[in-house]
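Undergrad: Fold the stuff below for me.
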Amino acid sequence: MSRISSSGSHLESRLGRALWKAGIRYRKQYKVIGRPDFALVQNRIAIFCDSEFWHGYRWGKRAQSTIRTNRQFWLNKIEKNRLRDKVVNRELRRRGWQVLRFWGHQINLNVEECVNVVMARIKEVKRGEHH
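TA: Residues are numbered from 1 along each chain as shown. So this is what the prediction gives:
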């Protein structure tokens, strides 16, 4: 686990390049609760790239079937990650931030759609539709 990096993952690189190409400028690992992978500071939008394993995609099914070794350790670890994600989302929203989370498969299968979601949220924030 010590070799797992908290930033600069393949998912982050892919989404970051696509955001930059679309003209969306961001800060990486911005110093706000949760350290979003990308922060659009002016629009107060926090973006996270969540890998399926570490953040518990389809956790009910996965917890029952895919983890075979060191089971209790991984169940506890991923449960804590999921809880932390919820707390971070709630606290960022309380502080006036919009939170966008993309699963790894969303980024890998259709990064352009992820960029479209970000662009739509920027427009909503500018129009004052999200508070």
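
Undergrad: ok, which stretches of this protein are helices?
TA: 10-21, 52-55, 59-65, 71-94, 104-127 (DSSP state H).

Undergrad: nearest to residue 29, of the ones you listed?
TA: If you check each of those against residue 29 by C-beta to C-beta, helix 10-21 wins as the nearest, at 9.5 Å. C-beta: built from backbone N, CA, C; applies to glycine.

Undergrad: Compile the helices of the chain into CSV and extend it with columns for mean pLDDT.
TA: Putting the helices of the chain into CSV (pLDDT from 0 to 100) gives the following:
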stretch, mean pLDDT
helix 10-21, 97
helix 52-55, 91
helix 59-65, 71
helix 71-94, 95
helix 104-127, 97
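
Undergrad: Put the alpha carbons of stretch 60-80 into CSV.
TA: Extracted C-alpha coordinates of stretch 60-80, given in CSV (Å, rounded to 0.1, in the frame of the first residue of the first chain):
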residue,chain,number,x,y,z
GLY,A,60,-22.7,-4.2,-1.5
LYS,A,61,-22.0,-6.8,-4.2
ARG,A,62,-18.3,-6.3,-4.3
ALA,A,63,-17.8,-6.7,-0.5
GLN,A,64,-19.5,-10.0,-0.7
SER,A,65,-17.7,-11.5,-3.7
THR,A,66,-14.5,-10.0,-4.9
ILE,A,67,-12.3,-9.6,-1.8
ARG,A,68,-10.8,-13.0,-0.9
THR,A,69,-7.6,-12.4,0.9
ASN,A,70,-7.1,-10.3,4.1
ARG,A,71,-10.8,-9.7,3.9
GLN,A,72,-11.5,-7.9,7.1
PHE,A,73,-8.6,-5.5,6.6
TRP,A,74,-9.9,-4.5,3.1
LEU,A,75,-13.6,-4.3,4.2
ASN,A,76,-12.6,-2.0,7.1
LYS,A,77,-10.3,0.1,4.8
ILE,A,78,-12.9,0.6,2.1
GLU,A,79,-15.7,1.3,4.5
LYS,A,80,-13.6,4.0,6.1
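
Undergrad: gap between that stretch and the chain center?
TA: Counting by C-alpha atoms, centre = their mean, to the nearest Å, stretch 60-80 is centred 20 Å from the centre of its parent chain.
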